[in-house]
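**Student:** Got a predicted structure here, sequence first:
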Amino acid sequence: GETYVYTVVEQGTAPNGYTYDTAQRTVTITVEGDAAQGTLKATTVVSGGPEGSKTYVYSSDAAGPQEKAVVPFKNSYAASGEVGITATKSLTGRDLTEGEFSFAVKYAEPSDDLLTASNEADGSIDFGKLSYTTETLAKLVADGHAKKDVKDGKPAWNISYAACEKTDSLPRGVSVQTELISFTVTVVDNGDGTLTATANTGNGLKFQNVYSTGGPVSVGLSGVKDLKSDAGLTPASIEGKFTFTVTSDDAAAPMPEHTTATNDANGNVDFGNIKFTLDDLNKALGTNSTHAADTAGQSASDQGSAAGADSEEQGNAAASDGAEQGQGAAVVTGEGTGAASVSTAANKVAGAEDADQASAQSDEPATRAGVVRSHTFTYKVTESGSADGVTNDTETKTVSFKVTDDGNGKLTVQRVGNGSAAAFTFT
């Protein structure tokens, strides 16, 4: 018999994304004849591939079809691609702090976190990238996270995701957003080893929260007009004879219920309550109440309400009663946390400890959760009007309140002692 040996190789340059089988195959054919029977037998051995060797036997007198010899070459194709996922965070009520909020991206079906991120100070959130290969896409389909389709004649996959805010470590006073934001990613195989991945997020992934200290803190502003007279004299009634006006040079300062008031028969003057809010503090500090990298976006509603100070916190500051004729009091009464009274007699301030009890707190805006922010609002009180035989007090009196946000959802107001006269005194 005769033996013939052939070498078979794959030639050419593989297109992008494809990998050729570079193994050399050997085909050995041995032919034998049977003169007596008048037949031929050929034995073919294919070897050299990862599959090993395979032998095929052919006979000229075979009764039926015979298996064809195959020289197997296995090529492969792989493609990859990725897409970046970003979002924005906005916070109303105070400035954002870098890293104070945490977020995650996961499959729409219950799954572990795929990507995690925290916010930048400007509200931007960068989750990083979702990466894909043809192999991982096949697994996503098998696991039920993706659906395979055709787009523009090319294989395509649609994967469903959800972005969420982690609520287990939210700063105090911040509303909880429990709603997931759904989005999809479409991946198209371009046939050249590349996958084009597109995040379908509408106008963007947007998380919104509110920082609040609850309702306003009310502080009463009242005073006493003290009429002094010589011993043995009984002055005429001064009821309604004098008008008092309160103003502030601070454009952010909230005003009391009444900016003008007259004294009653006993000299009492009541301007009503001043209601201090977090918004007043933010305006005074020049704080932008909402920070986000991109104000346009897919809105996810805030869930829940912010914890904070009790609305209309009530507290009472005692007024100092005049012990004898000629001793009066200008009283700042407080209906709010930290409010204090100021009693003045003979132009000397007493009460409220005449000290700034929050001296460690800065008037500069702070932007970190839990960091104290404060501002002092100053009011001026002046007197007008006249009564026979009475000399007016022409000095402008000042009353100041320090409003403090503790950064954890609580707003307090405290009268600040200033060491100067606060009573309206005349003879």
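**Tutor:** Sure, I can see it. Numbers count the residues shown, from 1 in each chain.
**Student:** At the geometric centre of the chain, which residue sits there?
**Tutor:** Computing the C-alpha centroid of the chain and ranking residues by C-alpha atoms, centre = their mean puts Lys89 first, at 4.1 Å.
**Student:** At which residues are the strands of the stretch 201-350 of the chain located?
**Tutor:** 205-210, 217-227, 242-247, 260-262, 268-276, 290-291, 298-299, 334-335, 343-345, 348-350 (DSSP state E, counting those that start in this stretch).
**Student:** Is the residue nearest to the centre of the chain in contact with Phe101, as I believe?
**Tutor:** Yes: between Lys89 and Phe101 there is a contact under C-beta atoms under 8 Å: 5.9 Å. Bear in mind the C-beta positions are built from the backbone N, C-alpha and C, glycine included.
**Student:** ok, Thr245 touching Thr259?
**Tutor:** Yes: assessed by C-beta under 8 Å, Thr245 is found in contact with Thr259 at 6.4 Å.
**Student:** Could I get the full set of helices for the stretch 101-250 of the chain?
**Tutor:** 134-142 (DSSP state H, counting those that start in this stretch).
**Student:** circling back: between Lys89 and Phe101, what contacts are shared?
**Tutor:** Asn119, Phe207, Asn209 (C-beta atoms under 8 Å, 6 or more residues apart in numbering).
**Student:** The nearest residue to Phe242 once chain neighbours are set aside and Thr391, how far apart?
**Tutor:** Counting by C-beta to C-beta, 6 or more residues apart in numbering, Gly385 is the residue found nearest to Phe242 once chain neighbours are left out, at 3.8 Å. Distance, Gly385 to Thr391, using C-beta to C-beta, to the nearest Å: 12 Å.
**Student:** Between these two, which has more neighbouring residues?
**Tutor:** Gly385 (15 against 11; other C-beta atoms under 10 Å).
**Student:** Val217 bridge partners, please.
**Tutor:** On the basis of DSSP bridges, Val217 is bridged to Phe276.
**Student:** ditto for Thr247
**Tutor:** Lys380.
**Student:** quick one: low-confidence parts of this protein?
**Tutor:** Within the chain, the segments meeting pLDDT under 70 span 228-235, 288-370, 418-427.
**Student:** try 50 this time
**Tutor:** Along the chain, segments meeting pLDDT under 50 span 291-367, 419-427.
**Student:** count of neighbours near Tyr107?
**Tutor:** The local packing of Tyr107 (other C-beta under 10 Å) involves 18 other residues.
**Student:** just to revisit the earlier point, give me every residue that touches the residue nearest to Phe242.
**Tutor:** Contacts for Gly385 were tallied using C-beta under 8 Å, 6+ apart; they are Lys241, Phe242, Thr243, Thr262, Asn392.
**Student:** Do I have it right that the third one meets His258?
**Tutor:** No: under the criterion of C-beta under 8 Å, Thr243 makes no contact with His258, lying 11.0 Å away.
**Student:** can you list residues touching both of those two?
**Tutor:** In contact with both Thr243 and His258: no residue, using C-beta under 8 Å, 6+ apart.
**Student:** all strands of the stretch 1-150 of the chain, in order?
**Tutor:** Under DSSP E, counting those that start in this stretch, the stretch 1-150 of the chain gives strands at 2-8, 18-19, 25-34, 39-49, 52-59, 76-77, 80-92, 102-107, 115-118, 124-133, 146-151.
**Student:** returning to that earlier point: which one (most neighbours) among the contacts of Gly385?
**Tutor:** The member of the contacts of Gly385 surrounded by the most neighbours (other C-beta under 10 Å) is Phe242, with 23 neighbours in all.
**Student:** That one and Lys225: what is the separation?
**Tutor:** Counting by C-beta to C-beta, the gap from Phe242 to Lys225 is 6 Å.
**Student:** Likewise for Ala236?
**Tutor:** 14 Å.
**Student:** Between these two, which is the more surrounded one?
**Tutor:** Each of Ala236 and Lys225 has its neighbours counted (other C-beta under 10 Å); Lys225 has more, 26 against 11.
**Student:** so how far is Gly128 from the more buried one?
**Tutor:** Distance from Lys225 to Gly128, by C-beta to C-beta: 69 Å.
**Student:** Name the residues linked to Thr243 by a beta bridge.
**Tutor:** Thr262, Ser384.
**Student:** quick one, what contacts Thr22?
**Tutor:** Counting by C-beta under 8 Å, 6+ apart, Thr22 touches Val9, Glu10.
**Student:** Repeat the analysis, applying 10 Å as the threshold.
**Tutor:** Val9, Glu10, Ala14, Phe73 (C-beta atoms under 10 Å, 6 or more residues apart in numbering).
**Student:** My understanding was that the second one contacts Tyr18; is that so?
**Tutor:** No: at 11.0 Å, Glu10 does not count as touching Tyr18 under the criterion of C-beta atoms under 10 Å.
**Student:** which one is Val141 nearest to, not counting chain neighbours?
**Tutor:** Once flanking residues are discounted, Val141 sits nearest to Lys148: 5.4 Å by C-beta to C-beta, 6+ apart.
**Student:** which residues touch that neighbour?
**Tutor:** Neighbouring residues of Lys148 by C-beta under 10 Å, 6+ apart: Leu137, Ala138, Leu140, Val141, Pro155, Ala156, Trp157, Asn158, Val187.
**Student:** Now do the residue nearest to Ser248 when sequence neighbours are not counted against Pro256, distance only.
**Tutor:** Nearest-residue entry for Ser248: Tyr379, 5.0 Å, with adjacent residues in sequence omitted and distances by C-beta to C-beta, 6+ apart. Using C-beta to C-beta, Tyr379 is found at 8 Å from Pro256.
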